[in-house]
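Enquirer: Need the 3D shape of this:
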Amino acid sequence: METHRVALNMSFKPDKILIIQTAFPGDVVLTLPMVQVIRKEIPSAQIDVIVTPQSATLLTNHYAISNIITYDKKGDEAGIKGFFSKLKSIKLNNYDLAIIPHRSFRSALLAYLAGIPVRIGFDKSKSKILYSKVIGYNQSLHEIDRNISLLAGTFPLNKEKEIPVLNSSNHEKEKIDLYLSDQNIINYNSLIGIAPGSVWMTKRWLEERYIELAKTLLDDGFQIVLIGGKQDEELCSRIHNFVDRKNILNAAGKFNLIQSAELISRCKVIITNDSAPFHIALAMRTKSIAIFGPTTPGFGFGPYDKSIQSGIETNGLFCKPCSIHGGNKCPTGTMDCMKQVTAKMVKEKILAILDAKQ
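Expert: Modelled structure (predicted):
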């Protein structure tokens with residue numbers, strides 16, 4: 001198959017569109033505004049997305065998505081056999097257009113070998129030779145706007161902000177209602193969410209700081225719910241046990257992602273790291289504070305709607321930022337970027353947000 005560049009124009013109206021985003025759930029949430037723009041432009045189009053099984057739970061009720069295709073690239077569909085099995089099923093759908101915000105070789109190769117005639121991705125990707133249209137990766141843009149920029153020259157774009165949407169079903173809402181009522185949480189105005197986990201160890205604010213923050217918030221009469229996935233159960237259990245007070249719940253590992261999103265929507269504010277819950281909170285219109293340690297909002301993953309999103313970070317460190325994702329070990333061995341963010345700083349930010357006009 002010959003790889004070539006195509007010049008598209010606004011008359012291009014694909015009937016079947018594939019979005020490939022098999023990165024982390026936070027990345028999937030930040031891809032949704034792009035999908036929503038396409039749906040507005042071509043209401044009748046079939047818009048399918050390929051995501052990991054974990055991320056798929058976020059999208060089950062999304063109005064802009066026709067079909068969710070799961071790709072368990074690290075599980076049952078790992079390796080070459082899994083890749084070609086997925087490729088075979090993708091080929092059968094005869095897509096007109098593939099948009100690939102995920103800058104991985106595997107994602108680009110999947111669209112290329114599936115014979116999708118128009119394949120759009122970023123020029124920063126090592127696999128850009130497999131795209132038929134390449135868009136410049138603008139480091140200065142927020143990731144939401146960066147993803148939307150993949151549509152430039154193919155779909156008309158406006159300057160209005162497009163906020164990600166997540167929709168819980170009635171069943172999921174009832175499940176969270178029941179959980180909170182069973183825990184005697186009735187007044188959501190005093191409920192604060194804390195999501196202390198992250199895939200990357202260095203992106204986690206210090207455990208002892210979360211404990212200190214939780215204690216002082218409880219002293220002030222707030223209620224707290226710890227939020228996270230199965231991978232965060234141990235961390236949240238330690239925080240829960242060290243705080244050892246009434247009115248702090250540990251919901252880590254109890255819910256899938258869309259249910260956790262619904263739980264986040266019940267919080268007055270949520271405190272998190274530079275990780276998926278921050279972006280999920282945006283989609284659920286919940287006020288949120290993200291703590292940036294080794295990373296920085298300047299990478300494009302910071303507050304997008306500053307009326308409900310805030311960030312906290314320390315500046316002036318020679319080693320910051322150390323990478324776009326952080327890592328599993330601090331390069332200097334000090335974790336200064338996190339140590340300099342105090343519980344007092346975060347609490348003051350929480351109180352400022354809660355005191356702000358609604």
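Enquirer: Please enumerate the helices of the stretch 51-200 of the chain.
Expert: Using DSSP state H, counting those that start in this stretch, the helices assigned to the stretch 51-200 of the chain run over residues 53-59, 79-91, 105-113, 143-148, 170-182.
Enquirer: Run the chain-centre distance for the second one.
Expert: I take that to be helix 79-91. Centroid separation for helix 79-91 versus its chain: 26 Å, with Cα atoms, centre = their mean, to the nearest Å.
Enquirer: In it, which residues are buried?
Expert: G82, F83, K86, L87, I90 (16 or more other Cβ atoms under 10 Å). C-beta here means a position set from N, CA and C on the backbone, and glycine is covered the same way.
Enquirer: For the helix or strand of the chain with the lowest mean pLDDT, give me every contacting residue.
Expert: Among the secondary structure pieces of the chain, namely its helices and strands, helix 336-339 has the lowest mean (mean pLDDT, DSSP states H and E), a mean of 91. Outside of helix 336-339, the residues within contact range by Cβ atoms under 8 Å, 6 or more residues apart in numbering are 202, 204-206, 209, 291, 293-294, 313-314, 317, 319-320.
Enquirer: re earlier: could the helices of the stretch 51-200 of the chain go into CSV alongside mean pLDDT and distance to L157?
Expert: Listed next are the helices of the stretch 51-200 of the chain as CSV, based on pLDDT from 0 to 100; distance: least, Cβ to Cβ, whole Å:
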stretch, mean pLDDT, distance to L157
helix 53-59, 95, 23
helix 79-91, 94, 27
helix 105-113, 95, 22
helix 143-148, 96, 7
helix 170-182, 95, 32
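Enquirer: The longest helix anywhere in the chain - what's its average pLDDT?
Expert: In terms of residue count, the longest helix belonging to the chain (DSSP state H) is helix 25-41. Per-residue pLDDT values over helix 25-41 give a mean of 96.
Enquirer: Buried only: go through the contacts of helix 336-339 for me.
Expert: Among the contacts of helix 336-339, those classed as buried by neighbour count (16+ other Cβ under 10 Å) are T202, R204, W205, L206, R209, I291, G293, P294, E313, T314, L317, K320.
Enquirer: isn't the fifth one right up against K344?
Expert: No: between R209 and K344 no contact is recorded; they are 9.8 Å apart, counting by Cβ atoms under 8 Å.
Enquirer: Show me what the longest helix of the chain is packed up against.
Expert: strand 16-20, strand 46-51, helix 53-59, helix 143-148, helix 276-283 (3 or more Cβ pairs under 8 Å, 6 or more residues apart in numbering; DSSP states H and E).
Enquirer: Please work out which of the ones you listed is packed deepest.
Expert: Stretch with highest mean neighbour count among the helices and strands packed on helix 25-41: helix 276-283 (a mean of 27; mean count of other Cβ atoms under 10 Å).
Enquirer: which helices and strands does it pack with?
Expert: Under the contact definition 3+ Cβ pairs under 8 Å, 6+ apart, helix 276-283 sits against helix 25-41, helix 257-265, strand 269-273, strand 287-292, strand 309-313.
Enquirer: what's the angle from that helix to strand 287-292?
Expert: Angle, helix 276-283 to strand 287-292, by axes from the mean of the first three to the mean of the last three Cα atoms, to 10 degrees: 150 degrees.
Enquirer: What about the nearest residue to T52 once chain neighbours are set aside, how many residues nearby?
Expert: The spatially closest residue to T52, leaving aside those adjacent along the chain, is T22, at 5.5 Å (Cβ to Cβ, 6 or more residues apart in numbering). Summarising burial for T22: neighbours were counted as other Cβ atoms under 10 Å, giving 23.
Enquirer: I figured T22 hits Q54, correct?
Expert: No: here T22 lies out of contact with Q54, judged by Cβ under 8 Å, at a distance of 10.2 Å.
Enquirer: can you redo the helices of the stretch 51-200 of the chain as CSV with distance to S265?
Expert: CSV is the format used below for the helices of the stretch 51-200 of the chain (distance: least, Cβ to Cβ, whole Å):
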stretch, distance to S265
helix 53-59, 13
helix 79-91, 33
helix 105-113, 31
helix 143-148, 19
helix 170-182, 8
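Enquirer: of those, which approaches M34 most closely?
Expert: Of all these, helix 143-148 sits nearest to M34, with 4.3 Å by Cβ to Cβ.
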